[in-house]
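Quick one, fold the following:
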Amino acid sequence: MQSVDRLTHPTISRVGFWSALLSAIFGLLYLIAEAFHLMGMLGEFDSATSFIYRMTPSLFLAIVFTILMVSIHQYASDDKKIWSQIALAFTVIYAVLVSITYFVVLTVLVPFTLRGEADQISVLAFGHGTLLFAIDVLGYGFMSLATLFASAVFQGQGIERWIKRALIANGIIAPAISLQIVYPPLWLIAALWGITFPAATILLAVFFRKTGQSA
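You can find the predicted model right below:
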């Protein structure tokens, strides 16, 4: 059974709220930047400006989402911790993969691009079919799997039911996210992340806010 102390622990609620809120914010900032990018408002497809605006929030997202998964694991009842532990393990894999990708793009690819020397490091190019893109979509596949397993933590009614649904919805698109590199049309399914992820993190922010108030 879930203890009252765990359910209303102020530290868990506070950290869970802020990490969920920041995950939603950084996720939305990425989506906005991606929309501007697709509309050609950030310059060329592989311009330094486009990389900076899209990769920076994504790098911070990896940090705060990991903290969010830790919060969910701490909140989980003892009989559900096996699922939250798996979710946390997948999250760590995601965070490592995408953090390396975005750090390399921002600190290596962007400077070379600004100097007009991007062709010298073509192996580090970022775009569909490239090495870094493959690592990136693999990472987000693990992120989606993390939310799928984390959904098992939430069994209540009301907002917990909606959190569970949002986490599952985000989780089941994992194959489309990772396999779009070999079958590009799957991006149409993978793009649902732009709905499911903000929905799940906003609901989690509201949930942890409420548990904090009850404490």
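
going forward, measure contacts between C-alpha atoms and count neighbours the same way
Fine.

On the three-state scheme, V182 is what?
coil (DSSP: H, G, I helix; E, B strand; the rest coil).

V137 versus that one, what's the distance?
Counting by C-alpha to C-alpha, to the nearest Å, the gap from V182 to V137 is 11 Å.

where does this protein have low pLDDT?
Counting by pLDDT under 70, the chain shows low-confidence ranges at 1-8, 214-215.

which residues in the chain form helices?
4-8, 10-38, 48-75, 81-104, 110-114, 131-150, 159-171, 174-179, 187-190, 193-214 (DSSP state H).

re the thing from before, out of V182 and V137, which sits in the busier spot?
Neighbour comparison, V182 and V137: the larger count goes to V137, with 24 against 11 (by other C-alpha atoms under 10 Å).

list the contacts for the more buried one?
By C-alpha atoms under 8 Å, 6 or more residues apart in numbering, V137 lies in contact with 177-181.

between those residues, which is closest to G171?
Closest to G171 out of these is I177 (10.0 Å), distances taken as C-alpha to C-alpha.

From the structure, what's the count of residues near that closest one?
As a burial measure, I177 scores 27 neighbours (other C-alpha under 10 Å).

Quickly note the distance from it to I135.
Taken as C-alpha to C-alpha, the span from I177 to I135 is 11 Å.

Please apply the same query to Y94.
9 Å.

Those two: which is more packed in?
It is Y94, of Y94 and I135, that has more neighbours when counted by other C-alpha under 10 Å, with 26 against 17.

Quick check: the more buried one touching T147?
No: at 11.5 Å, Y94 does not count as touching T147 under the criterion of C-alpha atoms under 8 Å.

So A174 versus I121, what's the distance?
30 Å.

More neighbours: the two, which one.
Legend: neighbour count by other C-alpha under 10 Å for A174 and I121, higher for A174 (25 against 12).

could you list every residue that touches the closest residue in space to the more buried one that isn't next to it in sequence?
Leaving aside its chain neighbours, A174 sits nearest to G141 (4.5 Å; criterion: C-alpha to C-alpha, 6 or more residues apart in numbering). The contact partners of G141, by C-alpha under 8 Å, 6+ apart, come to 94, 174-175, 177-178.

Count the neighbours of L192 for me.
Neighbour tally, L192, other C-alpha under 10 Å: 15.

give me every residue that touches it.
170, 173.

quick one: it from L31, how far?
Look at L192 and L31: by C-alpha to C-alpha, they are 11 Å apart.

again with M55
Distance from M55 to L31, by C-alpha to C-alpha: 11 Å.

who's more crowded, the two?
The residue with more neighbours, out of M55 and L31, is M55; 22 against 19, by other C-alpha under 10 Å.
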